[in-house]
Structures are given as C-alpha cells and as structure tokens.
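> just the structure for this:
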Amino acid sequence: MTKKTFVIDNNTGIHARPASLFVQAAAKFKSKVEITAKGRTIDAKSIIMVMGMGLVKGTEVTISAEGPDEKTAVKDLVALVLSFKENDKE
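Numbers count the residues shown, from 1 in each chain. A predicted model of the protein is given here:
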C-alpha cells in the first residue's frame, strides 16, 4: 500500500467540480484508491462519497492506494488536488 498525507490548502476545498475531476482521475487506476479524513475512510472512486466528506480548506487528507499502479495513483492524485490551489479564485 502506498499513501500520502497532506492538508487541503485551496480556499474552496474539494467542492463539486474538483471532486468530479478527482473521481474521474481515480477511476483510471486499477488500484483500490481511498481517501481518509475526519476519521473516515471512503472509496475515492465514488463521487457521492467524496462530496459527502466535506473536504474544506485546512482538512488533513490521506490518499492511499493498493494494487498494481498504486504509486502512480497516489502521486498523480495528490498532485491533482494540490493543483486545484492554482486555479482558486480569492
């Protein structure tokens, strides 16, 4: 299993559009991908579950993956979430 923990730093968190982009990206990997935050672990390939997490600025998040492409999955998905900051409107 590969995992990476970081803090969401964009002002709007992971709202509808970023959540949709994240789930679409996660679905491309063969590995099982999960998000852990706020004491819960959810399937990162489910838009309903990702939206239900309420991932706002300042939330500590762990993205983990287990499977044949786990290292690439974690690396790419963390990079995607961190890139949302660049497009954030302040």
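
> show me what the one helix or strand residue 73 maps to is packed up against.
For residue 73, the host element (DSSP states H and E) is helix 70-83. Applying 3 or more C-beta pairs under 8 Å, 6 or more residues apart in numbering; DSSP states H and E, one finds that helix 70-83 makes contact with strand 2-7, helix 16-27, strand 60-66. Every residue, glycine included, has its C-beta placed from N, CA and C.

> hmm, try it at 6 Å
Judged by 3 or more C-beta pairs under 6 Å, 6 or more residues apart in numbering; DSSP states H and E, helix 70-83 is in contact with strand 2-7, strand 60-66.

> just name the most buried of these.
Mean neighbour count (mean count of other C-beta atoms under 10 Å) peaks for strand 60-66 among the helices and strands packed on helix 70-83, with a mean of 19.

> residues contacting it, please?
1-5, 7, 31-37, 73-74, 77-78 (C-beta atoms under 6 Å, 6 or more residues apart in numbering).

> before we move on, what about stretch 49-58?
Counting by C-beta under 6 Å, 6+ apart, stretch 49-58 makes contact with 8, 11, 13-14, 19, 23, 37, 42-43, all of which sit outside it.

> in TSV, list those along with distance to residue 85 and neighbour count.
Putting those into TSV (distance: C-beta to C-beta, whole Å; neighbours: other C-beta atoms under 10 Å) gives the following:
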residue	distance to residue 85	neighbour count
8	9	21
11	8	12
13	11	18
14	11	25
19	15	20
23	19	19
37	17	19
42	22	15
43	24	14
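
> for the chain, give me the ranges with low pLDDT.
Scanning the chain for pLDDT under 70 picks out the ranges 86-90.
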